[in-house]
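**Student:** Sequence first, then the predicted structure, then my questions.
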Amino acid sequence: TEEWIDVTLNRAVMRALERFARNSKLLSLLDRAGLERLAASGGIEHGEEGENIVVQGERGQTFYLLVAGNVRVLVRDPQGEREVAALDPGNFFGEIGTLTEQPRSATVRCVTPVELVVFERLPVLNVLMDYPAAREVIGEVGLARSEENQRAQFGQGLAEALENDDDEIGGLADLLEGPE
């Protein structure tokens with residue numbers, strides 16, 4: 001029956017959360033009740049090798065916990081697509097788009113077949129409202145990842161250009177300082 005499927009799914013999600021709670025700064029900040037609330041709102045999805053789970057630039061409403069398999073985090077820049085991180089089980093992603101409702105800052109692609117716990121935006125926000133320390137951690141991680149992705153996307157080209165010509169560094173500094 002449908003109720004039995006929901007209970008079984010909830011148990012599977014809870015087992016996944018419990019498995020990673022000891023090693024995840026985010027999940028370790030939730031007590032049993034918080035983990036149960038999160039588990040009740042989660043679902044299980046699978047991805048195949050080469051499949052994109054999230055795509056840079058698209059709007060995101062889901063938050064993911066990688067349960068099995070490996071993914072690559074890729075950022076598009078003027079030179080093409082570059083890997084900025086590799087994630088393995090226990091890592092989460094999608095938090096930036098989930099919390100800020102901003103477009104995805106990176107593409108996450110399956111390196112191997114994966115199993116994911118998936119959470120929709122509103123249930124995650126409802127749980128985080130009662131756990132300010134967890135909300136702070138996810139915000140810090142999201143900000144750090146967003147900054148890394150921005151640097152990867154834009155900063156590398158600027159850094160390389162400036163390294164190639166020391167005179168440009170002085171000129172840039174003069175522009176930033178303004179007239180004397």
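**Tutor:** Noted; the coordinates are in hand.
**Student:** For stretch 40-47, buried residues please.
**Tutor:** 41-42, 47 (16 or more other CB atoms under 10 Å). Bear in mind the C-beta positions are built from the backbone N, C-alpha and C, glycine included.
**Student:** Closest to Ala85 out of those residues?
**Tutor:** Gly47 (16.6 Å; CB to CB).
**Student:** Show me where the protein dips below the pLDDT cut-off.
**Tutor:** 1-9, 139, 141-180 (pLDDT under 70).
**Student:** just the strands in it please.
**Tutor:** 42-47, 52-54, 62-68, 71-77, 80-87, 92-93, 107-110, 114-120 (DSSP state E).
**Student:** before we move on, the earlier item: can you list the buried residues of stretch 40-47 in CSV and add distance to Glu101?
**Tutor:** Formatted as CSV, the buried residues of stretch 40-47 follow (distance: CB to CB, whole Å):
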residue, distance to Glu101
Ser41, 18
Gly42, 20
Gly47, 23
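**Student:** and which of the residues you listed is nearest Val71?
**Tutor:** Nearest to Val71 among those, with distances taken as CB to CB, is Gly47, at 7.9 Å.
**Student:** Next, the contact list for that closest one, please.
**Tutor:** Contacts for Gly47 (CB atoms under 8 Å, 6 or more residues apart in numbering) come out as 53, 69, 71, 110, 113-114, 116.
**Student:** Name the residues linked to it by a beta bridge.
**Tutor:** Val114 (DSSP bridges).
**Student:** For the most centrally placed residue in the chain, give me its contacts.
**Tutor:** Residue closest to the average C-alpha location in the chain (CA atoms, centre = their mean): Phe93, at 2.4 Å. Contacts for Phe93 (CB under 8 Å, 6+ apart) come out as 53-54, 63-64, 66, 71, 73, 87, 108.
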